[in-house]
Structures are given as structure tokens and as C-alpha cells.
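Participant: let me see the structure of the following:
(4 chains)
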Number of protein chains: 2
Amino acid sequence: MAERRARTRLSPELIIDAAFRVSERGGAQSLTFQAIGAELGAHPTALYRHFRDRDELMLALIDALHAEALDGAPEPSDDWAADLAEMARRTHRVFLRHPQVAQFSGVRTARRTNEFRKVDRVIGCMRRAGFTDVDAARYYRVFSDFVLAYAAQDAALAALDPRTREGDLTAWQVDYRILPEGRYPHIDAVSGVLPALDDPANFETALELILDALRARAERARP
Amino acid sequence: MAERRARTRLSPELIIDAAFRVSERGGAQSLTFQAIGAELGAHPTALYRHFRDRDELMLALIDALHAEALDGAPEPSDDWAADLAEMARRTHRVFLRHPQVAQFSGVRTARRTNEFRKVDRVIGCMRRAGFTDVDAARYYRVFSDFVLAYAAQDAALAALDPRTREGDLTAWQVDYRILPEGRYPHIDAVSGVLPALDDPANFETALELILDALRARAERARP
DNA sequence: GGTGAATGTCACGGGCATTGACATGGGTCC
DNA sequence: GGACCCATGTCAATGCCCGTGACATTCACC
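Facilitator: Next comes the predicted model:
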């Protein structure tokens, strides 16, 4: 079959690349074996020769996100909090760049090398902050899960199909302003200045809050 | 048809109850029209008479979660931070009680009465803290989204099908302890004391950090 | 008792993940 | 060079799912 010969051979890397291409182009739920197969000019089931099932492919894609976030990250500095902020912002940015994949990455432990690298760096920051190992471990877990959860949520919002997304976003701009008079006094008071759901400043503010608190605790932890 | 007459009539409430029953019983992805229909002894497509599509049903279920979280909540006290903590813990608890539904609730704006009630209360706390309306609106959004994101992530973990979940949880207890010697020094140092992914203390710690930071900012905001 | 709207049922179309049987082609060993 | 094997790709089929449109039944109201 000439067609087959012309095509380059499939490989996990090619498949992952194709998956990202599909995910960027595609609306909600576009990340199917059919679509990835079509992108490669291959039969959908051919992918099963390289990934046992959908879950394994997703874990590989998630690890690729971690890799992209780490890629080109500056070396650890002497400001542990700034380093944490840098890692967090990179993660958030990468997640928004690949929302279709990122929306699922909050919960899953990829168990792959790039995840290990990231975990190691964050724990390193916490130890440099002067926390005991027990506290460093706890704060690593809380900080990372916070970043993952918040970033995955932003990604999920970005990954909604446009119609639904529009509805949710305008709900905050419209529905909330025409509520029954007086029933929700606090909403009334601030409805004009509510930040949009997808305002990037939200993540930034949350990050600052967490880092403020960690800095305060780190000071208390030191002599 | 005797069967039909014997059955009570369907209604949105009955369907929602059945959906929660199914979701509690069921493994991952169990929340299908087929399953809910079977639970009610009705044809799956009968549900379409009461909910336009799956999305509308999900929004109703999500709003039911908000209602359950509000249900029996104590009246606002004079300690705004404690009130926020109370709301957050209630949300987290309810989400873990209904993980199959809650895992999707992070992103979606339900746009229904119980959501409005919750929003109003949180904004009220922020205003009592002494923030300007602009700050109150911003901190409301950040605080609520943080709680939703973190709680939804915990729920998503709880909602994973048991096999996958087991794999992810033990990864942290096993895989992370047998990494190549010396490559990840910080992981090595704390691997013995890493909190489990599903340790409820994680959420508590994250909540304390955010509230610490908000209290500090509220003090600065006042005369 | 008659009528129209609301509700339930049915058959079906179109997607999807995954499996198992089969084909093919490149590399290996004699 | 030839026989053989294994990795890879293809195909057909299974089983689940959401959602639609045509049809039947019930109920409230007149």
C-alpha cells in the first residue's frame, strides 16, 4: 500500500504532537482517538500499539505539560518565594496554552520524570525557606495542589465549548446585575466591580495571598 | 399500562434525587441518562422532558450541592474569617460526599438561587472585614474560586475509578520512595513524611494560609 | 365527554473506546 | 539468499453513550 509507505512511522512522540495539535484546534471533547488518528492519517486503532488506552495517553500528555512548564525555567535563585511564583506562573501559562489537556491534569499523578523534577524543585524552595522537613513536605503538597487545582480550573473554563463558556461568563456580567432588588444586598453593592471569571489577575492574587502567608510562616519558623 | 400508572410521575426533583443515588453508588462516569432512567424505572429519554440536555441536569445537580452546603449553616457571626472558613469547610465536605457530581462543579456557574445565596454571604464577609468594595469583590472571587477549585480537585480524586485512584495514591507512597539515588535530593529528604494526596489536612492547611493572608491585608486596610 | 398540552416510549443515528482477527513489512538468523 | 518472527497497522465488530423525531398516553380543564 503506497499510502502506508509514504507515511512516516508512528511513535509515541508523533502521537503526542498530533494530540496537542488536535487539542489546540478542537472544541470541547475533541481529543479523541479518531481525531488524533485522522490528524496523523492513520487508523484510530493504530494508536493502541503505542498507548495501552486513553488514560495512558492522557498521562503522557500531562507529563508533556510539566516538561513545557519546566523548559527554560531559570535556575533556582536565592529568593525561594520568587522561585515558587515563577514555577506557578509558568504552570498556569502552560495550562492556558493547552486547556483541553490541562483541564484533566489537576487530579492525575503522572508519575513521570518531568513531574519528579518539578516536585523536587518546589520541595527545594520550601526547605530553603527554612521549614522543617515535615512542614516543607506539607507546604509543598498544599502549594502544588493549589496551583494545579486553580490552573486546571482556569483551563477547564477555557476549554468549555464557546457557547457554554459565553453563557457562564456573561452570567456574571448580566444575570448578577438584575437580581431581585434587595434580596442580595452584598452582590448589589459590588456587582459593578466584580472581576471576570477569566481575569488573569485572579490567579495572580491567589498566588500572592498564598506566598504572603508562607513568607510570614517562614519568618516565624526561623530563629 | 399498569406499570406506568403505578409509578409516580417524574419531576425534576425526583430525577435529581435519583441522580444523586446513582452517583453515590456508581463508579466513575456512572452518571448517565441510562442509569438514572433505570433507577427511576423510566425510559432514559424520558428525562429529556425535564432537562434539555445533560448540561442542564448537571447545573441543577451542582446547584443542589450549593444548597446542601448552605443548609443548616450558622448565621453570619462577628468573626468574618471564621464565617469564611465555615463556608469553605462545608463546601469541601459536601463535595466529598458527592464526588461524582462535584468534580464538574468547579468550572460551571450554576446561575441559580443557591449559588446567589452563597456568593452574597462570601461578599458580605469580605465587606465586614473592612475591604473596599473593589477589594471585597476581588477577594470574594479569589477565595471562592480557590475553594471550588481545591474542593473539586479533591472530589475528582475521590471520583476516580478505584483502580486508577489506587495507582495514583500508591505512586506517592511507593514510586516516590524508590527514585534513582541522588537525582532528586529534596524528594529523598522528605519522602518519608509526604502527606497523602487525599489527606484532609491538606485542604485545611490551604484554607488557613489564605485566611492568614486575608486577615493580614484586612488589618492593613483599616485605620 | 372532548380537546390540547404535557409527559412517556420507541427506534434510530452518530460518536466514542476498546478488542481480536488478520495483513504486511523490516529485521534477524541460519 | 531465504525462512521466520515480531512490531506495527488495518479492519470489522461490540457495547456504551447522547440526543432527536415520530408516536402513544395521560391529565387538566372546559
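Participant: what's the closest non-adjacent residue to the spatially most central residue of chain A?
Facilitator: Closest to where the C-alpha atoms of chain A average out (CA atoms, centre = their mean) is A:Phe95, at 3.6 Å. Once flanking residues are discounted, A:Phe95 sits nearest to A:Ala102: 3.7 Å by CB to CB, 6 or more residues apart in numbering or on different chains. (Glycine included, C-beta is placed from N, CA and C.)
Participant: who's in contact with that neighbour?
Facilitator: Residues in contact with A:Ala102 (CB atoms under 8 Å, 6 or more residues apart in numbering or on different chains) are A:65, A:94-96, A:151-152, A:155-156, A:159.
Participant: mind doing that once more with 10 Å?
Facilitator: A:23, A:61-62, A:65, A:91-92, A:94-96, A:148, A:151-156, A:158-159 (CB atoms under 10 Å, 6 or more residues apart in numbering or on different chains).
Participant: quick one, strands of chain A?
Facilitator: Read by DSSP state E, chain A holds no strands at all.
Participant: around DNA strand D, pick out the residues from it.
Facilitator: A:3-4, A:9-10, A:42-43, A:45-46, A:48-50 (CB under 7 Å from any atom of the strand).
Participant: shaky segments in chain A?
Facilitator: Within chain A, the stretches with pLDDT under 70 are A:1-8, A:176, A:223.
Participant: that one against DNA strand C: which residues are in contact?
Facilitator: Residues of chain A lying close to DNA strand C by CB under 7 Å from any atom of the strand are A:1, A:4-5, A:31-35, A:44-45, A:48, A:52-55.
Participant: looking at those residues, which one is closest to chain B?
Facilitator: A:Asp55 (6.7 Å; CB to the nearest CB).
Participant: contacting residues for that closest one?
Facilitator: By CB under 10 Å, 6+ apart, the contact set of A:Asp55 is A:104, A:108, B:161, B:163-164, B:167.
Participant: 7 Å instead, please
Facilitator: By CB atoms under 7 Å, 6 or more residues apart in numbering or on different chains, the contact set of A:Asp55 is B:Thr164.
Participant: how near is it to B:Arg165?
Facilitator: Going from A:Asp55 to B:Arg165 by CB to CB, to the nearest Å gives 12 Å.
Participant: for the closest residue to A:Leu157 other than its chain neighbours, grab phi and psi.
Facilitator: Counting by CB to CB, 6+ apart, A:Leu157 lies nearest to B:Val107, which is 5.1 Å off, once chain neighbours are set aside. Dihedral angles phi and psi of B:Val107 (degrees, to the nearest 10) take the values phi -80, psi -30.
Participant: now swap in A:Thr32 and tell me
Facilitator: phi -110, psi 160.
Participant: leaving out sequence neighbours, find the closest residue to it.
Facilitator: A:Pro44 (7.9 Å).
Participant: can you give me the helices in chain A?
Facilitator: A:2-6, A:12-25, A:33-40, A:54-70, A:80-97, A:99-102, A:113-128, A:133-159, A:162-173, A:185-190, A:200-221 (DSSP state H).
Participant: which residues sit in contact with A:Asp198?
Facilitator: Listed by CB under 7 Å, 6+ apart, the contact set of A:Asp198 reads A:154, A:157, A:169.
Participant: as JSON lines, the residues you listed with distance to A:Asp133 would be great.
Facilitator: Compiled in JSON lines, these are given as follows (distance: CB to CB, whole Å):
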{"residue": "A:Asp154", "distance to A:Asp133": "32"}
{"residue": "A:Leu157", "distance to A:Asp133": "36"}
{"residue": "A:Leu169", "distance to A:Asp133": "43"}
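Participant: nearest to chain B among the residues you listed?
Facilitator: Within the contacts of A:Asp198, the smallest distance to chain B is 5.1 Å, found for A:Leu157 (CB to the nearest CB).
Participant: surely that closest one meets B:Arg108?
Facilitator: No - using CB atoms under 7 Å as the test, A:Leu157 is too far from B:Arg108 to be in contact (9.0 Å).
Participant: follow-up on the earlier one: I'd like the helices of chain A as CSV, with distance to B:Leu207 appended.
Facilitator: Shown next, in CSV, are those (distance: least, CB to CB, whole Å):
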stretch, distance to B:Leu207
helix A:2-6, 57
helix A:12-25, 33
helix A:33-40, 40
helix A:54-70, 26
helix A:80-97, 18
helix A:99-102, 24
helix A:113-128, 19
helix A:133-159, 10
helix A:162-173, 24
helix A:185-190, 21
helix A:200-221, 11
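Participant: ok, which of the ones you listed comes nearest B:Phe116?
Facilitator: B:Phe116 sits nearest to helix A:185-190 of all the helices of chain A, at 6.8 Å, using CB to CB.
Participant: related to what we said a few turns ago, quick check: the residue nearest to the centre of chain A touching A:Ala156?
Facilitator: No - judged on CB under 7 Å, A:Phe95 makes no contact with A:Ala156 at a distance of 9.5 Å.
Participant: quick one: the residue nearest to the centre of chain A from chain B, how far?
Facilitator: 12 Å (CB to the nearest CB, to the nearest Å).
Participant: same question, A:Thr109
Facilitator: As judged by CB to the nearest CB, A:Thr109 and chain B stand 4 Å apart.
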